[in-house]
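1. Return a 3D structure for these sequence lines:
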Amino acid sequence: MPPLVEPAAELTREEVARYSRHLIIPDVGVEGQRRLKNARVLVIGAGGLGSPALMYLAAAGVGTLGIVDFDVVDESNLQRQIIHGHSDIGRSKAQSAADTIRELNPLVKVNLHEFRLEPDNAVELFGQYDLILDGTDNFATRYLVNDAAVLAGKPYVWGSIFRFEGQASVFWEDAPNGLGINYRDLYPEPPPPGMVPSCAEGGVLGILCASIASIMGTEAIKLICGIGEPLLGRLMIYDALDMTYRTIKIRKDPSTPKITELIDYEDFCGVVSDEAAHAAADSTITPLELRELLDSGKPLALIDVREPVEWQINRIEGAELIPKSQFESGEALAKLPTDRTPVFYCKTGVRSAEVLAIAKKAGFSDAMHLQGGIVAWAQQLEPDMVMY
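-> Got it, this is the predicted structure:
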């Protein structure tokens, strides 16, 4: 693969001293380091994957790093998002990340893009960079990044993490020598809503982020310098428990529609299924409404549909745990009382909406679910509740 970036001007004395361990690698050398100096890399998300990737790309001497993130640092981030510290809680993630990068390598220019990546700004933003690194954790943004990268003609490095497993690949529709491929060749359609839980719902081993992010950073450096064989056309799968790496070949799917425009990705991916959205349309209550119903003495059956490990962290007083999987198997329906109104809740309201649809289909027409889940309940009614 030819180098992605032209070399910059000669290295300064300070740069030679800082990057000396790169300069004595024959495949990198002075010219490779000059390419890194001239490179512009945009990292989507300063979270689990973005944190270590940004730090290593900065240390490696990538001349310009862009950070797209509009979130703030939360205490639950610190288990894996190592670019932030305890004193950064409540701060902008982008600004916190920028401070760490400047301390790590003041020779790197940092551009902050503190806004949500949207169809109306993605292509123009991508056009300002040579390479995109996607550290997002939701399907809607992944498809947006892919399609915008295709339209902008940019390669991008992708990674994904969940519990003890990670994946990584390189996508580049305009790659030379007929090697072009994009994310839709691997995943033509998003999974059904609720099928794949997020890290916030399913968890992730913190150190796994560093393993996958280091691979992503390595792929970025290889593309910039034109060394080695990138993961273009290959999907790398890592299992931390078995400590195994394996790669699967990805081929261009001739049936993949040509990307000509950006779309509504939230609608394309769907937060919940159509059945859940229909069931929740007139059967959703707010935390305040639930509190008033409980205080009024109305006979309710408050059902927590999360997993047992989540139940051990926090719960709403008076609730009963019946995980979503038991509703999907049908086992839970026999446990629902017929003399009380079922009210389902989960962490954010996605899983409980799916359970609501199952319950209504089974004849529990008066069932309801909690808007925003236990997160909204804690924010509005129990601010001291421990959250994960």
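2. Show me how this protein divides into domains.
-> Domain assignment of the chain by automatic domain parsing yields the ranges 13-269, 274-380.
3. a markdown table please, covering these and showing mean neighbour count and mean pLDDT.
-> Any C-beta I mention is one placed from the backbone N, CA and C, and that applies to glycine too. Shown next, in a markdown table, are the domains of the chain (neighbours: other C-beta atoms under 10 Å; pLDDT from 0 to 100):
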| stretch | mean neighbour count | mean pLDDT |
| --- | --- | --- |
| domain 13-269 | 18 | 95 |
| domain 274-380 | 18 | 94 |
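4. Select, out of those, the one closest to Pro3.
-> Smallest distance to Pro3 across these (C-beta to C-beta): 3.1 Å, for domain 13-269.
5. For Phe139, which residues are in contact?
-> 190-191, 196, 269 (C-beta atoms under 8 Å, 6 or more residues apart in numbering).
6. So which of the residues you listed is the closest to Ala281?
-> Among the contacts of Phe139, and counting by C-beta to C-beta, the member closest to Ala281 is Cys269, at 19.6 Å.
7. That closest one contacts Pro190, correct?
-> Yes. Assessed by C-beta atoms under 8 Å, Cys269 is found in contact with Pro190 at 4.3 Å.
8. In TSV, list the domains of the chain along with distance to Met387.
-> Listed next are these as TSV, based on distance: least, C-beta to C-beta, whole Å:
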stretch	distance to Met387
domain 13-269	7
domain 274-380	6
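9. right, so of the ones you listed, which gets closest to Val5?
-> Evaluated with C-beta to C-beta, the domains of the chain place domain 13-269 nearest to Val5, the distance being 4.6 Å.
10. what about that closest one, start to end distance?
-> Start-to-end span of domain 13-269 (C-alpha to C-alpha, to the nearest Å) is 50 Å.
11. With stretch 120-132 instead?
-> The first residue of stretch 120-132 is 17 Å away from its last residue (C-alpha to C-alpha).
12. which residues are in contact with it?
-> Stretch 120-132 is contacted from outside by 4-5, 39-42, 44, 64, 66, 68, 113, 115, 117, 144-145, 148-149, 151-152, 154-157, 220, 223-224, 262, using C-beta under 8 Å, 6+ apart.
13. chain center to that stretch, what's the gap?
-> In terms of C-alpha atoms, centre = their mean, to the nearest Å, the gap separating the centre of stretch 120-132 from the centre of its chain is 18 Å.
14. now swap in stretch 329-336 and tell me
-> Distance of stretch 329-336 from the chain centroid (C-alpha atoms, centre = their mean) equals 33 Å.
15. who touches both of Cys269 and Pro190?
-> 139-140, 143.
16. From these, which land in helices?
-> Under the assignment DSSP state H, the shared contacts of Cys269 and Pro190 contribute 139-140, 143 to helices.
17. Distance to Leu11 added to those, as TSV?
-> Shown next, in TSV, are those (distance: C-beta to C-beta, whole Å):
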residue	distance to Leu11
Phe139	41
Ala140	41
Tyr143	39
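18. Looking at these, spot the one nearest Val72.
-> Using C-beta to C-beta, these come closest to Val72 at Ala140, 20.6 Å.
19. Next, find the distance separating the closest one from Ile374.
-> Distance of Ala140 to Ile374, computed by C-beta to C-beta, to the nearest Å: 23 Å.
20. Just the endpoints, please. Distance across stretch 42-52?
-> 14 Å.
21. I'd like the distance from it to the chain centre, please.
-> For stretch 42-52, the distance to the chain centre is 9 Å (C-alpha atoms, centre = their mean).
22. and what of stretch 118-135?
-> 16 Å.
23. From the centroid of the protein, which residue is nearest?
-> Asp137 (1.2 Å; C-alpha atoms, centre = their mean).
24. helix, strand or coil for that residue?
-> Classification of Asp137 by DSSP: H, G, I helix; E, B strand; the rest coil places it in coil.
25. doesn't Gly47 make contact with it?
-> Yes. Using C-beta under 8 Å, Asp137 makes contact with Gly47 at a distance of 6.8 Å.
26. Now the common contact residues for these two.
-> The contact sets of Asp137 and Gly47 do not overlap (C-beta under 8 Å, 6+ apart).
27. tell me how far the ends of stretch 220-235 are from each other?
-> Start-to-end span of stretch 220-235 (C-alpha to C-alpha) is 15 Å.
28. circling back: check contacts around the residue nearest to the centre of the chain.
-> Contacts of Asp137 (C-beta under 8 Å, 6+ apart): 45, 47-48, 161, 198-200.
29. Out of these, which sit inside helices?
-> 199-200.
30. now the strands for this structure?
-> 40-44, 64-68, 109-113, 131-134, 156-162, 165-171, 234-239, 244-249, 284-285, 300-304, 320-321, 341-345, 368-370 (DSSP state E).
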